[in-house]
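Using only what follows, build the 3D model:
(one chain, ligands or ions: 1)
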Amino acid sequence: MEIKKIAVLGAGQMGNGIAHVCAQAGYEVKMRDIEQQFLDKGMATIKKNLERGLKKGKITQNEIDAILGRITPVLELEEAVKDADLVIEAIPEIVKLKLTTWTEVDRLTPAHAILASNTSSISITQMAAVTQRPERFIGMHFFNPVPVMGLVEIIKGQATADETVEMIREVSQKLGKETVLVNEAPGFAVNRLLVPAINEAIFAIQEGVATVEDMDKAIKLGLNWPMGPLTLADFVGLDTLLYISDYFVDEFKDSKYRAPALLRKMVRAGWVGRKAGKGFYDYSGNTPKPLRF
Ligand code: 3HC
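Residues are numbered from 1 along each chain as shown. All right, here's what the predicted structure looks like:
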């Protein structure tokens with residue numbers, strides 16, 4: 001089977017990035033979300049990100065038009081998946097929502113199609129089990145910003161067939177990404193390391209070890225990270241980090257993964273990072289301003 005048509009579920013931060021790279025690689029893409037405003041925002045983001053390369057001569061207007069022409073925004077789930085060879089899901093990290101969506105998608109999608117979730121931590125095996133094709137269900141975990149980051153973590157659930165892994169490896173390579181194969185475990189490989197590391201930076205802020213800007217500077221220059229951990233926390237979204245931390249505690253039954261109280265308090269205040277205009281930094285001005293704790 002050759003994969004030609006891809007349905008991307010969700011037009012948010014990850015979904016529009018995935019649709020972008022799939023269309024850029026030549027696939028026919030349907031990007032689905034539940035409200036027109038989310039689709040419009042997703043399409044506008046893809047256009048803006050493609051145009052970054054225009055001034056630098058890395059891409060032509062004709063190429064941009066062709067890429068955008070390969071993406072069809074759709075509201076109806078059936079319309080999105082009915083002729084798909086591959087469905088990549090990037091909807092909110094809510095277990096119940098994922099399970100009901102996958103049950104529907106499985107019913108509406110051709111039998112040959114592969115189903116892939118971009119979940120950052122939820123069990124692939126649990127999602128596969130609500131479909132009639134667990135051997136063709138897999139994790140395909142992208143990183144933000146999707147057009148820039150070079151990795152796809154491929155996650156094999158309990159029943160995922162080796163053939164499915166190989167097909168997803170091939171698609172990922174066509175998208176210009178390197179892959180690693182991870183057996184299912186909470187957080188897979190990257191978030192298993194990243195989330196406790198960011199949480200430790202937040203514990204340190206909470207204890208007054210350093211200011212937000214000094215902690216970021218220390219890790220950026222001392223470890224050569226492209227962003228300090230608190231800038232990265234705002235970039236990923238504090239709500240996502242809290243969700244993953246709580247999920248880790250539930251799954252591992254180990255308090256070493258617990259979320260710092262400060263993280264929980266910030267999420268409760270709605271200060272969830274860049275997307276909210278406020279997190280460890282205030283983004284209302286021209287340059288991000290660190291908060292004092
Ligand atoms: N789309 C397309 N291109 C983009 C982009 C986007 N959203 N954001 C940046 N770029 C491009 C720029 O145009 C530029 O291209 P060029 O090299 O051709 O000039 C290049 O990327 C570098 O961008 P900038 O010069 O604007 O800025 P930086 O050099 O500071 O890089 C960054 C920005 C790539 C975001 C860098 O800071 C970075 O790598 N940060 C770390 C990101 C990270 O760790 N992501 C993983 C998060 S964890 C995750 O996603 C998993 C989840 O499950 C939690």
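
pLDDT value on the closest residue to residue 153 other than its chain neighbours, please?
The shortest distance from residue 153 to any non-neighbouring residue, by Cβ to Cβ, 6 or more residues apart in numbering, is to residue 141 (4.0 Å). All C-beta atoms are positioned from the backbone trio N, CA, C, and that covers glycine. Here the pLDDT value assigned to residue 141 is 98.

Residue 141: neighbour count?
Using other Cβ atoms under 10 Å, residue 141 has 24 neighbouring residues.

residues in the stretch 151-293 of the chain within reach of the ligand, list them.
With Cβ under 6 Å from any ligand atom as the criterion, the stretch 151-293 of the chain meets the ligand at residues 191, 194, 226-227, 232, 236, 240.

what two of these are the furthest from one another?
The span of these, defined through Cβ to Cβ, is set by 226 and 240 at 18.6 Å.

out of those two, which sits in the busier spot?
A direct count of neighbours by other Cβ under 10 Å for residue 226 and residue 240 places residue 240 higher, at 22 against 8.

any idea which element that one lies in?
helix 238-252 (DSSP states H and E).

what comes into contact with that helix?
For helix 238-252, the surrounding residues in contact (Cβ atoms under 8 Å, 6 or more residues apart in numbering) are 93, 120-122, 186-187, 191, 195, 198-199, 233, 254-255, 257-259, 263-264, 266-267, 271-273, 279.

Which members of those residues are positioned in helices?
Among the contacts of helix 238-252, the ones falling in helices (DSSP state H) are 191, 195, 198-199, 233, 263-264, 266-267.

Report the buried residues of the helix or strand bottoming out on mean pLDDT in the chain.
Between all helices and strands in the chain, the lowest mean by mean pLDDT, DSSP states H and E belongs to helix 238-252, at a mean of 95. Buried residues in helix 238-252, defined by neighbour count with 16 or more other Cβ atoms under 10 Å: 238-245, 247-249.

about what we covered before: could you dump the residues of the stretch 151-293 of the chain next to the ligand to JSON lines with distance to residue 178?
JSON lines is the format used below for those (distance: Cβ to Cβ, whole Å):
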{"residue": "191", "distance to residue 178": "17"}
{"residue": "194", "distance to residue 178": "17"}
{"residue": "226", "distance to residue 178": "17"}
{"residue": "227", "distance to residue 178": "20"}
{"residue": "232", "distance to residue 178": "20"}
{"residue": "236", "distance to residue 178": "20"}
{"residue": "240", "distance to residue 178": "23"}
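
got the contact list for residue 259?
Listed by Cβ under 8 Å, 6+ apart, the contact partners of residue 259 are 199, 241-242, 245-246, 249.

Which of these sits closest to residue 44?
Distances from residue 44 to those, taken by Cβ to Cβ, are shortest for residue 241, at 26.2 Å.

Residue 197 contacts residue 232, doesn't it?
No: the criterion here is Cβ atoms under 8 Å, and residue 197 misses it with residue 232 at 9.2 Å.

When the two are compared, which one has more neighbours?
More neighbours surround residue 232 than the other of residue 197 and residue 232, with 22 against 14 (other Cβ under 10 Å).

Would you mind measuring from the more buried one to residue 21?
Separation of residue 232 from residue 21 (Cβ to Cβ, to the nearest Å): 21 Å.

Tell me the spacing between residue 115 and residue 50.
With distances taken as Cβ to Cβ, residue 115 is found 27 Å from residue 50.

Likewise for residue 36?
Distance of residue 36 to residue 50, computed by Cβ to Cβ: 21 Å.

all strands in this structure, in order from the N-terminus.
5-9, 28-32, 71-74, 86-89, 114-117, 137-141, 151-156, 178-183, 281-282, 289-290 (DSSP state E).

Next, the contact list for the closest residue to residue 172 other than its chain neighbours, please.
Spatial nearest neighbour of residue 172, chain neighbours left out: residue 152 (4.2 Å); criterion: Cβ to Cβ, 6+ apart. The contact partners of residue 152, taken as Cβ under 8 Å, 6+ apart, are 140-142, 168, 172, 175, 177-179.

Go through those and name the one nearest residue 62.
Within the contacts of residue 152, proximity to residue 62 (Cβ to Cβ) peaks at residue 175, which comes in at 21.1 Å.
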